[in-house]
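J.: next input, structure requested:
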Amino acid sequence: QVQVQESGPGLVKPSQTLSLTCTVSGGPITNNYYYWSWIRQPPGKGLEWVGYIGSSGSTYYNPSLKSRTSISRDTSKNQFTLQLNSVTPEDTAVYYCRSREMVGNNAFDTWGQGTLVTVSS
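T.: The predicted structure follows:
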């Protein structure tokens, strides 16, 4: 069974780059029909999808964040990473990584526990 776990710094200064890693266990990130996403939740607000990288390496980003976002992967480490550039305090949030397996039209999700990232000087 696939499991995912976020890691990275909990504090980032404004204008710098937020970088988080998601480590995948229980199966390779190149498995077909899998999508590997980043999702965040600012304090007191709802979930916001940031973007994903597919099993083929293709990426898709939230249009509102696309200009500042990059998601990549390291297949040798079975990890995928999020980089969010030019952060502001509005980027403060709990960041989650999630795996999604598509079986026909059915989605099976596994979430990480989340990691709080605070943007502050």
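J.: which residue is the nearest non-sequential neighbour of Lys77?
T.: Spatially, and ignoring its direct neighbours in sequence, Lys77 is nearest to Thr23 (7.5 Å; C-beta to C-beta, 6 or more residues apart in numbering). C-beta: built from backbone N, CA, C; applies to glycine.
J.: strand partners (parallel or antiparallel) of the host helix or strand of Arg73?
T.: Here Arg73 sits within strand 69-74, counting by DSSP states H and E. Strand pairing for strand 69-74, determined by DSSP bridges: strand 79-84 (antiparallel).
J.: neighbouring contacts of the following helix or strand past the partner strand?
T.: Counting by DSSP H and E, the next helix or strand C-terminal to strand 79-84 is strand 93-103. Identification of contacts with strand 93-103 by C-beta atoms under 8 Å, 6 or more residues apart in numbering yields 2, 4-6, 8, 20, 22, 24, 31, 33-43, 48, 50, 52, 80, 82, 107-117.
J.: and strand 93-103, C-alpha only, in CSV?
T.: The C-alpha trace of strand 93-103 is given here as CSV (Å, rounded to 0.1, in the frame of the first residue of the first chain):
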residue,chain,number,x,y,z
ALA,A,93,-0.3,27.0,5.1
VAL,A,94,-0.3,23.3,6.0
TYR,A,95,1.1,21.6,2.9
TYR,A,96,0.0,18.0,2.1
CYS,A,97,1.2,15.6,-0.5
ARG,A,98,-1.2,13.1,-1.8
SER,A,99,-1.1,10.0,-4.1
ARG,A,100,-4.1,9.3,-6.3
GLU,A,101,-4.6,6.0,-8.0
MET,A,102,-7.1,6.0,-10.8
VAL,A,103,-8.9,2.7,-11.3
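J.: appreciated, that's everything.
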